[in-house]
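Engineer: 3D model of this:
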Amino acid sequence: MNGFVQDLRNAFRRGGRVLVQLIIINVIIFLGLNVLIVTLKLMSADSVGVLLSSQFELPADMSKLLYRPWTILSYAFWHGDIWHIAVNMLVMYWFGQIFEEYVGGKRLLSVYILSALAGGVCFILLYNFAPVPTWRKTLPAVTLLGASGAVYGVVLATATLLPNFSMYLFLIGPVQIKYLAAVYVILSYIGLGGWNAGGNMAHLGGALMGYVFTIQLQRGNDLGAWIHNFLDWVRRLFRPKPKVKVTHQTKEKATVNQTKAKTTNQTNKPQASIQDVPNQQEIDAILDKISATGYESLSKEEKQKLFKASNG
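Structural biologist: Residues are numbered from 1 along each chain as shown. Here you go, the predicted model:
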């Protein structure tokens with residue numbers, strides 16, 4: 001048990017992969033809530049379990065949303081059944097590892113959160129303002145849960161960033177991810193006419209955000225910068241303040257210490273020697289190599305020698 005807890009800690013330490021962290025958070029919430037809900041059901045306290053799950057689900061009814069505003073994001077970390085979370089996390093892993101490798105974990109977290117928010121907003125707009133009476137009739141009972149909107153955002157963000165990147169599909173072979181993303185979007189659009197219209201609208205909203213995020217990132221605009229500024233602010237709130245030791249010294253003593261430090265720095269400063277500068281034969285060999293194979297073929301040591309020669 002201690003080893004498992006240590007593995008979790010290592011995953012969330014500085015430098016840990018954001019993709020792994022997101023998957024772990026989703027799995028822990030899924031297991032923890034479901035164990036608690038089943039336990040409450042066995043204790044004949046079903047209503048408490050329903051109340052608990054409703055704190056994570058996004059309601060389509062805007063009057064309910066006013067009392068649970070956090071659900072605009074929390075729904076993207078809560079899944080109802082094992083197949084739901086399994087499919088979402090698998091797709092998240094396949095595409096997320098590509099996106100994280102090329103643009104980093106911070107951008108992956110930004111896409112996940114922004115796509116979840118966009119998916120939730122589109123879901124609410126669909127049920128409250130779309131001219132389809134049958135959808136509004138079910139408004140009081142409809143809720144949204146699952147990371148699908150956020151995952152679709154990761155899929156489209158990756159396909160927009162690297163459209164010609166290929167994945168190997170069983171029985172099919174290599175397929176460029178732009179075609180996989182197109183299939184996802186088309187199926188979700190077709191699904192608007194089915195029983196899961198709200199879920200598919202969240203998919204499309206998340207997908208659109210993933211596309212826009214990458215396009216803006218390529219133009220030099222990071223739409224998720226505010227997310228990391230907020231997280232940094234939260235970390236600073238809980239970070240222990242360093243103890244400051246205050247010492248007093250006379251003006252004469254401080255002057256003496258500064259003089260000693262200056263003298264020490266001057267004494268310890270490395271002196272350039274003739275051996276540090278490469279000879280002409282070495283320089284000629286390096287220049288010949290550049291002519292033959294280009295500057296990038298030089299080793300780190302050769303580049304340093306060339307730099308020293310140019311400043312010698």
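Engineer: buried ones in stretch 99-115?
Structural biologist: Taking 16 or more other Cβ atoms under 10 Å as the basis for neighbour counts, the residues of stretch 99-115 that come out buried are 99-100, 103, 105, 107-115. Placement of C-beta: from N, CA and C, glycine included.
Engineer: ok, and the helix or strand in the chain with the lowest average confidence?
Structural biologist: helix 251-268 (a mean of 52; mean pLDDT, DSSP states H and E).
Engineer: returning to that earlier point: now, which of the buried residues of stretch 99-115 sits nearest Y179?
Structural biologist: Looking at the buried residues of stretch 99-115 and their distance to Y179, the nearest is F99, at 17.2 Å (Cβ to Cβ).
Engineer: so that closest one versus L40, what's the distance?
Structural biologist: 38 Å (Cβ to Cβ, to the nearest Å).
Engineer: just give the closest residue to the residue nearest the centre of the chain, not the sequence neighbours.
Structural biologist: Nearest to the geometric centre of the chain sits L109, at 1.9 Å (Cα atoms, centre = their mean). Computed as Cβ to Cβ, 6 or more residues apart in numbering, the closest residue to L109 that is not its neighbour in sequence is V18, at 5.0 Å.
Engineer: so that neighbour touches S110, yeah?
Structural biologist: No. Using Cβ atoms under 8 Å, V18 is not in contact with S110; the gap is 9.7 Å.
Engineer: returning to that earlier point: now, among the buried residues of stretch 99-115, which is nearest to M92?
Structural biologist: Within those, proximity to M92 (Cβ to Cβ) peaks at Y112, which comes in at 8.2 Å.
Engineer: got the phi and psi for the closest one?
Structural biologist: Backbone torsions for Y112, taken as degrees, to the nearest 10, come to phi -60, psi -50.
Engineer: for the residue nearest to F95 when sequence neighbours are not counted, what are its contacts?
Structural biologist: In space, not counting the residues next to it along the chain, F95 is nearest to T158; the distance is 4.5 Å by Cβ to Cβ, 6+ apart. T158 makes contact with F95, G96, I98, F99, F165, I177, A181, G210, according to Cβ atoms under 8 Å, 6 or more residues apart in numbering.
Engineer: what about the residue nearest to the centre of the chain, helix or strand, and which?
Structural biologist: helix 105-129 (DSSP states H and E).
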